[in-house]
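K.L.:
For reference, the sequence and a predicted model appear below.
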Amino acid sequence: MEDINNPNDHLSPPPENGTPSTADLPARRIALVAHDNKKKDLIEWARYNRGLLAQHELFATGTTGRLLEDVVGVEIHKLQSGPLGGDQQIGAKIAASEIDFLIFFWDPLQPMPHDPDVKALLRIAVVWNIPVACNRATADFIISSPLIKSEYERIMPDYSEHRERTIEPA
């Protein structure tokens, strides 16, 4: 049972023989998404963090994935372009627990023709309690967190009541 006084109670205890090597830890599954006006920022961020990113399994929407593959130097699972369904593909992977965190550089100053897709992706990340970085500062905090190299079991929301609710026909 969780100790409500210990904010780190959800973390796995260290192994008996000390801290595991990074080779013993599972690679994180990171989704990388950037809108056109933010692709340069994400590429610069990825170039700076390529050593860390190369240790993980990377997913990206189409165009972003092609651009990042050369920068990071590892294979990236490329999905459709965002407006062609890539945002929904990332969202489906989040809902299936196949993405551990989302780096999503979106442009708050540009109108987005696929704005509902963007909102849906951000919403599903919150629904399934995964970390989300929407700017470089937050991405820096996530990628440099000690939790990225530690066992971590995120708390999964319990949606059983929502799934089992009864809805009366109109």
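P.N.:
In hand now; what should we look at?
K.L.:
gap between the lowest-mean-pLDDT helix or strand in the chain and the chain center?
P.N.:
Least confident helix or strand of the chain, by mean pLDDT, DSSP states H and E, is helix 160-163 with a mean of 86. The chain centroid and the centroid of helix 160-163 are separated by 25 Å, computed with CA atoms, centre = their mean, to the nearest Å.
K.L.:
Equivalent analysis for stretch 131-144, please.
P.N.:
The answer for stretch 131-144 is 10 Å, by CA atoms, centre = their mean.
K.L.:
what residues does that stretch touch?
P.N.:
Under the criterion CB atoms under 8 Å, 6 or more residues apart in numbering, residues 41, 45, 49, 52-53, 100-106, 122, 125-126, 148 lie in contact with stretch 131-144. (Each C-beta comes from the backbone N, C-alpha and C, glycine too.)
K.L.:
Which one of these is nearest to D70?
P.N.:
Proximity of the contacts of stretch 131-144 to D70 (CB to CB) peaks at L53, which lies at 12.8 Å.
K.L.:
Quick check: chain neighbours aside, which residue is closest to that closest one?
P.N.:
Spatial nearest neighbour of L53, chain neighbours left out: V72 (5.2 Å); criterion: CB to CB, 6 or more residues apart in numbering.
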